[in-house]
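Q: Quick one: sequence and predicted model below, then my questions.
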Amino acid sequence: MAITRSFDRSAHDLRPVRIEPGPMKFADGSALIEVGDTRVLAGATLERRVPPFLVDQNRGWATAEYAMLPRSTPTRSTREATRGRPSGRTFEIQRLIGRSLRSVLALEEMPGFTLILDCDVLQADGGTRTASITGAYVAAAQALAGALLAGDLKRWPLRDHLAAVSVGIVDDKLLLDLDASEDQRAAVDMNVVATGSDNLVEIQITGEQRSFSRGEFDGLMDLALAGIDTLFVEQQRALESILGEVRAVEAKGRRTPAAPRDEKELWGKP
């Protein structure tokens, strides 16, 4: 029996993906990622500080915050700030985003810096955590590229690509990139985070309604990694220009911060 999915796609197809780099004027890096009807805005900030446990360690850090807008879902949800604290789900997702980014960062190449990723869900139709990770990578790459080009970083700290996708078993069929209606019906639900080297960062899998076999697990993994490869292509397209500048700088060797210019020189003659 043929399956009917959103955007007229097959079991092994992603929803339409669009990544817009740099939509935020003031962020050090940003990306608007759309995966079907799910939309996430990711902003990156690079601050000259580190957490107390990293002081004098000659290393940097990366962390994340995640939130859903009140009308990102069919019914309005109360802002977590109004409730006084983030929910357990929010804590779980922002920690997932942070440790995923740290897995591809050479933190020793960004001493004294903390990279903060802010992921805000504008519209939720399934896969918000995986879209957040995929978009956060693009925002992070922009912020780090800006610091490298300015001479604030001496070496490129991103060691690999990073993306994430959901898969699951719905009506006994293995599906890639579940939308909200599929996620609600999934007997088995799985999120996969992986690098461009096909190394796994995290697997979250749950038998929501039944157990699953080793063969089903392997099939879901194959679907996820194929989908993640497609997401890497979209990330590369979004970052093509800025990464070209990074490669040029890397080919020339290290950059050092520019010497400060005299104020008279900056303003010119009166």
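A: Okay, I see it.
Q: C-alpha coordinates for stretch 202-209, CSV please?
A: What follows is stretch 202-209, C-alpha atoms only, in CSV (Å, rounded to 0.1, in the frame of the first residue of the first chain):
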residue,chain,number,x,y,z
GLU,A,202,24.1,11.2,19.4
ILE,A,203,21.3,8.8,18.8
GLN,A,204,18.0,9.2,20.6
ILE,A,205,15.6,6.3,19.9
THR,A,206,12.5,5.3,21.7
GLY,A,207,10.0,2.4,21.2
GLU,A,208,7.0,4.6,21.8
GLN,A,209,4.4,1.9,21.0
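Q: List the buried residues of it.
A: For stretch 202-209, burial by neighbour count (16 or more other CB atoms under 10 Å) applies to I205. Every residue, glycine included, has its C-beta placed from N, CA and C.
Q: Low-confidence regions, this structure specifically.
A: 1-2, 254-270 (pLDDT under 70).
Q: Quick one: distance of the longest helix seen in it to the chain centre.
A: Secondary structure of the chain per DSSP state H: the longest helix is helix 214-252. In terms of CA atoms, centre = their mean, to the nearest Å, the centre of helix 214-252 is set 12 Å apart from its chain centre.
Q: repeat for stretch 239-256
A: So, by CA atoms, centre = their mean, the centroid of stretch 239-256 is 22 Å from its chain's centroid.
Q: Grab the CA positions of that stretch and hand them over as CSV.
A: What follows is stretch 239-256 as a C-alpha-only set of coordinates in CSV (Å, rounded to 0.1, in the frame of the first residue of the first chain):
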residue,chain,number,x,y,z
LEU,A,239,28.1,28.9,3.6
GLU,A,240,29.8,28.7,0.2
SER,A,241,30.9,32.4,0.1
ILE,A,242,32.1,32.8,3.7
LEU,A,243,33.9,29.4,3.7
GLY,A,244,35.7,30.4,0.5
GLU,A,245,37.2,33.4,2.4
VAL,A,246,38.2,31.1,5.3
ARG,A,247,40.0,28.7,2.9
ALA,A,248,41.9,31.6,1.4
VAL,A,249,43.0,32.8,4.9
GLU,A,250,44.0,29.2,5.9
ALA,A,251,46.0,28.9,2.7
LYS,A,252,48.0,32.0,3.6
GLY,A,253,48.6,31.0,7.2
ARG,A,254,47.7,32.5,10.5
ARG,A,255,46.0,35.8,11.0
THR,A,256,46.8,38.3,13.8
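Q: Mind listing residues that contact it?
A: 21, 138, 141-142, 145, 148-151, 153-156, 236 (CB atoms under 8 Å, 6 or more residues apart in numbering).
Q: And R15, how far from V165?
A: 10 Å (CB to CB, to the nearest Å).
Q: more crowded one of these two?
A: When R15 and V165 are compared for neighbours, V165 comes out ahead with 29 against 22, by other CB atoms under 10 Å.
Q: so who does that one touch?
A: By CB under 8 Å, 6+ apart, the neighbours of V165 are 14, 127, 130, 134, 176-177, 191-192, 224, 227-228, 231.
Q: Return the member of these nearest to D37.
A: G127 (10.1 Å; CB to CB).
Q: Could you give the bridge partners of the nearest residue to that closest one once chain neighbours are set aside?
A: Using CB to CB, 6 or more residues apart in numbering and skipping the chain neighbours, the partner closest in space to G127 is S166 (4.7 Å). Bridge pairing for S166 (DSSP bridges) gives the partners N191.
Q: thinking S166 is in contact with N191, fair?
A: Yes: here S166 reaches N191: they are 5.2 Å apart, a contact under CB atoms under 8 Å.
Q: between those two, which one's more packed in?
A: Remark: of S166 and N191, S166 carries more neighbours, 28 against 21, as counted by other CB under 10 Å.
Q: is it fair to say I19 lies in a helix?
A: No: I19 sits outside any helix when classified using DSSP: H, G, I helix; E, B strand; the rest coil, being strand.
Q: ok, it touching Q236?
A: No: contact criterion CB under 8 Å: I19 and Q236 do not qualify, at 9.8 Å.
Q: neighbour-wise, which of the two wins?
A: I19 (23 against 14).
Q: right, and the secondary structure at the closest residue to S10 other than its chain neighbours would be what?
A: Sequence neighbours aside, I3 is the residue nearest to S10 in space, at 7.8 Å (criterion: CB to CB, 6+ apart). Assigned with three-state DSSP, I3 falls in the coil class.
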